Structures are given as structure tokens and as C-alpha cells.
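# got a predicted model here, sequence first, then my questions.
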Amino acid sequence: MNTDLNLLFAVLALQSGLITDDQFVEVCTLWTTRKGIAMSDLLLERGWIVAGDVSHIHYLLDRRLEKSGGDARQSIASIDASLKRQLASIHDAELQQSLGYVHDSPGSINTAITLGASPDEEERYSRIRVHATGGGGRIWLAHDRQLDRDVALKELRLEVTDDGALWARFQREARITGQLEHPGIVPVYEYVRRAEHQPFYTMRFVKGRTLAEAAREYHLERAAGRVDPIRFVSLLNAFTTVCNTIAYAHSRGVIHRDLKGQNIVLGDFGEVVVLDWGLAKLLNEPDLDDHSPASRLYAAHLNLTIQGQAIGTPGYMAPEQAAGRPELVDRRTDIYGLGAILYEILAGHPPFTGSDTKEVMRRVREEEPLPPSSVNPLAPEALEQICLKAIRKTPSNRYESAADLAKEVQLWQDLERRKVEQQFERFFNLTFELLCFGGFDGYFKRVNPAFERALGYSNAEMMAHPWLYFIHPDDLEATVAMGNKLASGSVLTSFTGFRNRYRCKDGSYKWLSWTALAVVDEQLIYGAARDITEVKRSIDELTESELRYRSVVAALDEGVVVLDADGTIRACNASAERILGLSADEIVGRTAADPRWITVYEDGSPFPHDAYPVNVTLRTGERCPNVVMGVRKPDGSLNWISTNSQPLVRADGKTMYGVLGTFADITALKRTEELLRQKTRELEEARLRRGAKS
């Protein structure tokens, strides 16, 4: 489909009421940058029409071509004159060629579509995309070909340029913004007035998000239980920057009159910029006519409300603005707007909301705002009072200047910062933990008094040497490796278990256990250590004691088993393996009620499992000593044991956590006893036989 047919498709979509004037101009502009895509597909992609609309418009297009003898440009002639003028600003030869056959209606400004600006002016800026649009104006992201940079290009739309007051307001906006040279105000690069009465000016394009968006995100996270104090501090820092920016504008005799979070951009690289000076007013100049239809259209573009002489955005509007009292509008009107922005930071929304504009403006005039803490319990009381003073109904009761408001907020921040610093100092100096800041250069930058208490060195002595100077020679390599890991972004936690030995002033060494993290931007390592020398000594002694205990147990002729509270064997010694004829792997894990145990009483009858001494102790908590039983080994032989059991009790003296079972192999003794009994019987029988003979 060629340019004529694509343009006609968009015209028919507009005339059918499927798209708006703004959408028509925007899609035509977009199509000139993506000519490989049909106009219908672009409209579908934008979601402005649906698939069923395409066939309907194609039907209308075919009928138009049929009636005009196939001349699409003749059908394009039905475009409204104001739309023709807007399309004239699109720099595309094919599109302009299609429009070149279209003549305006009698009495219009142009007799044919022409470009009023010089070729150099027009060719300097290439429009990339519409950034914002409305009834009175449009802002483009454009590229300045001469300086090879992206800019914001704001233009007055052709259909409203006949309104003198609106044009004057647009020119005044460009002039005032251009005169305010401040880091917090976007600089104006160039103002261009073109012959067809469609002026524009270019500004720096600031990439980022609005203060309103940042405040909304903060409060969403707060509501979800994720409070980020650093984000809150950032919002307050941005607010004080805005206050100082407005203080500068006031010093130049300019009041903004439309301060709100949406007009503050937080740049991606720390910029805080106050935008949209469309309602700005010089205090020494009379106001322009704000009542013309075109001015109302321009106000819609600025997201303003104009009712009578009320100028501003309702939720942030000062009472004197809402009441239509221009004679009361001065610097303190902007103070109210700043207070409304602070309210939004504290509460997540402006001071007044409502179902419609009239309701909001009534509340602004007649009602007192709810304290921000009624919405956000975390709102600091002192900041709340500062905010409420800034938005008092009577201008004289507000702060005298934007600088005063900034100082109040900054003073609160300074007091809070000092309070936090004092709390940190107390903790830093009083804690028993060894706290330090170490530089990437290998030297301590600060250590707390706990270091001197633990190691004996003064603060100055600790910082006079690299920290490796204090490390035990055997721990140097591991300490250097850990420092390198921290510098590369690793975090050392207590679970990591890094320990090393520090030399004390008296020549002895102490074991320190470390937690640390590095902040690369600050070239610092923040560390906390704990003196574990005594703990380490106790552990070593306990380990040594345990080894001795295990050695003794291993050397015992008696079998030893340890059972937990559910009767499962957790450990055994070598004698237990020998006596029972099983390996440790076969014993550990069995319970005292395992059916594989085959046991008998001395008379040969089965020995029930619940009568085992360890099971009796588990059941009663009492010792069960000297029980004799026969145990069948895997090879079928029978071993006789004398077994004892006693409870294992925790330190409270009451809670039993297991049983210790010991048993001695008395098989040989049993055999000796049996042999003795047998010999005794044989002797008795021989004696009886001798007596019978005599």
C-alpha cells in the first residue's frame, strides 16, 4: 500500500470516529519512520482499532476510490484544515507530496500546505516520538542534528495558534523558563517562531521518573512492610532541592503556580528538575487572559483546572487559587504547592482528593487536611508539623519563603542524622564487639575501644600499622585471601566461620572470629570481630577430653552402646562389636526392640524385648543393673552377657535424652560354672554309689 492509500486509511479511521485527532497525527508521524508496516498494522499495534475495524475501513477505502476514480489524494481533501497544518510539520517528502494536492478551505491561513520555517530550522531537529500530548501542545523527544544530542521539543498545536492569549502564554512560558538559569530548572536551548503560527522551543530532555512516581513506589513498599529509610531520605533530599530551586525563581520575581510531584523529575544520575512553567507568572507583570477556549485547551494539556480564575492542579492548589483570588496569589502560593508535595512524600497522595474537580476544590477552600500520620503512622511528627504549616489556609500563616521551608526540613534531617550518629557512637564505643573500618590500602581507618581492651594497643597504634602486622604468621595467607574476596564483593558472615589470630601488645595471641563486608565505592571494609580465645581453648580442651574418653571406651573389655530417647543405637565401641558378633554399621541404627535380637533367659526361655535393661530404663528412667541374658550371634553361637543400663540426663537433672548400656561377656564364666556344676553332680553321684556298695 503506497503513501496515499496509507494516509487515506488513517483519514477514514479518523472520520469513522475510531481514532482521535491526536492519535491520527501521532500514527501518521510514526508511520513515516516505519514505512515497511501498513498503517492498519500500526493502529492495531497501538490498540486504537481492532481487527474487525480493518475490514470495515478497507471497505470504505475501496468505496472512496471507486467514487473518486481511484484518486486517493482527492479523498484526502476532506481532512480538517487544522489537521492539515499539523501534518505539515512532519518532515517526510512522500507524506508532504500526498498533502501537496490538498488545498485548505477558503479563509484558512494557507492556500497550500507549506513549511513556514527556514529549511535549516526544520532540518535541524528530527522528531523521534511524541513524549507527551494534549489539547494545546505537544512535547516530542527529538534529535538535534547540528549538535548530535536528544532534546525535548515543545510545540503549540496549529489548531489553537489563532488564540492570541494562548500564543502569548506559550511565548511567556518559553521566555520565563529560558531566563531561569539554575541546575534545578531545565534549560531552554532555542525558541523558533514559524510563519504558519506554530512556534516551538527546545529544552534539555531529562531521563528519569517523577517525584510523584517515586513517592508512590516508596509507599507501596511501605504498605507491603518493606520500609526503606534511605529511599525516604532521598525523597526529602529531592524536596529540599526543589524548595531551593523555587527560592531561586522567586528571587527572579517568578512564581510557578503549578507545583506538584508530577512536575518534578528525578533524573537517572541524581538530577532534580522542576518542569512545566506554563502557568508561571512574573510578579511585576499583569496576568494573561485565562478564559479563552484555547487557553482552556492549553490548560487541559498541562493537566490544569481552570474554573473562573482558578489556575492550578486541584489536589495541590492553594485555597486562594481554588477561590479564584488572583490578587492573593504570590510566593506563598508556591509555598503551599511545596507543602502539598511534602504531604505527598509523607502520605502517598496530595492533601485533598475527591470524586471530581469541584469536590476537590471545595475541600481545598473549606476543609483542613488530615495529618499525614493518619495515613502513614511512620510519618515523623516534626515533618508533619512543617508540612501542615506550609499548607495553611491563610497565606500569611505559611512559611515566608521557600528557603525557610527548605531550612526547616534540612534542620530536621540534620538533627535526625546527628541523633543516628550519636547512637552509633555510643554503640561503637560501648559494645564488647571489636568494630573497625579498614581501607582497601590495608590500614585501619577507625577502631573502637574494644580493640584496646582485647589486644592492649591504643587507637593510634592500631592505625599506625597495616592490619597484617598484627596477624599470626600462620594466618597471613588466609587473611590476605579473605581480604581479596571481600574487595571483590563477597560478604563475610558468622556462618562463614573465618577466624585468625591477632598479636596482643604483650606478645600473646588471641583468636578473633570475623563478620565483614566491603563497600567498593567507599574503598572501605566494615568489620566486626569477637574474641573467641577462651571459647577456642575450651573447645580444644573438650576435644582433647573427648579423645581421651573415646580412647578409654575403646580400650574397655566391656561392650558399650549409646541409645537416643527413641531407643535407637547411635554409637558403640569395638568390644560391643566383638561380643555381639556384628560390625559397628550393623549395630548403629538398630533399636532395642529390633526383632533381629534373639535372646534367652538362663533357663533357655525367650527373653522379651520390653524386658531388656535399656528398654526398662527408657520406660522408667531408672537404672537397671546386672541382668543376665543369652544373645544369639549371627553364626548361631550363644554368648552370655551381664548387662547394665543407666539414663542420660540433661543439665536440668530431669530431662532424659538417652540411655547408656554396658555389657560384659560372661560366656566363659557361664561355661566354667556349668562345668563346675557338672563336676559337682558327677562327684555327688560317685559318692552315692560308694555308699550303696558299703
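Done, it's in. This one's a predicted model, so the numbers in the text were calculated from it and none came from an experiment.
# tell me which other helices or strands the lengthiest helix in the chain touches.
Ordering each helix of the chain by length in residues (DSSP state H) puts helix 402-430 first. If contacts are counted by 3 or more C-beta pairs under 8 Å, 6 or more residues apart in numbering; DSSP states H and E, helix 402-430 sits against helix 229-251, helix 331-347, helix 381-390. C-beta coordinates here come from the backbone N, C-alpha and C atoms, glycine included.
# now it, how far from the chain's geometric center?
25 Å (C-alpha atoms, centre = their mean, to the nearest Å).
# buried set for that helix?
Neighbour-count burial for helix 402-430, with 16 or more other C-beta atoms under 10 Å as criterion, is recorded at Ala402, Ala403, Leu405, Ala406, Lys407, Glu408, Val409, Gln410, Trp412, Glu416, Phe428.
# need those residues in TSV (columns: distance to Ala464 and pLDDT).
Shown next, in TSV, are those (distance: C-beta to C-beta, whole Å; pLDDT from 0 to 100):
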residue	distance to Ala464	pLDDT
Ala402	49	96
Ala403	46	96
Leu405	48	97
Ala406	43	96
Lys407	42	96
Glu408	44	96
Val409	42	96
Gln410	38	95
Trp412	40	95
Glu416	35	89
Phe428	20	85
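# including distance to Lys485, could those residues go into a markdown table?
A markdown table is the format used below for these (distance: C-beta to C-beta, whole Å):
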| residue | distance to Lys485 |
| --- | --- |
| Ala402 | 49 |
| Ala403 | 48 |
| Leu405 | 48 |
| Ala406 | 44 |
| Lys407 | 45 |
| Glu408 | 46 |
| Val409 | 41 |
| Gln410 | 40 |
| Trp412 | 40 |
| Glu416 | 35 |
| Phe428 | 25 |
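# kindly indicate which of those residues lies nearest Arg362.
Leu405 (26.3 Å; C-beta to C-beta).
# what residues are up against that closest one?
When contacts are counted by C-beta atoms under 8 Å, 6 or more residues apart in numbering, Leu405 touches Cys243, Ile335, Leu338, Gly339, Ile386, Ala390, Tyr399.
# distance of the nearest residue to Glu433 once chain neighbours are set aside from Ser513?
Nearest residue to Glu433, sequence neighbours excluded (C-beta to C-beta, 6 or more residues apart in numbering): Ala528, at 5.1 Å. As judged by C-beta to C-beta, to the nearest Å, Ala528 and Ser513 stand 10 Å apart.
# can you check Ile569 too?
Counting by C-beta to C-beta, the gap from Ile569 to Ser513 is 36 Å.
# then Asp474?
Counting by C-beta to C-beta, the gap between Asp474 and Ser513 amounts to 16 Å.
# more neighbours, those two?
Comparing Asp474 with Ser513 by other C-beta atoms under 10 Å, the one with more neighbours is Ser513, at 18 against 10.
# tell me the helix or strand right after the stretch of helix or strand Tyr526 belongs to.
Using DSSP states H and E, Tyr526 maps to strand 524-531. Once the chain leaves strand 524-531, the next helix or strand it forms, by DSSP H and E, is helix 533-555.
# name the surrounding residues that touch that next one.
With C-beta under 8 Å, 6+ apart, helix 533-555 has contacts from Arg499, Lys510, Trp511, Val560, Asn573, Ala574.
# need those residues in CSV with distance to Glu123, can you?
Shown next, in CSV, are the contacts of helix 533-555 (distance: C-beta to C-beta, whole Å):
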residue, distance to Glu123
Arg499, 71
Lys510, 76
Trp511, 75
Val560, 98
Asn573, 96
Ala574, 97
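# among the residues you listed, name the buried ones.
Using 16+ other C-beta under 10 Å, the buried members of these are Lys510, Trp511, Val560, Asn573.
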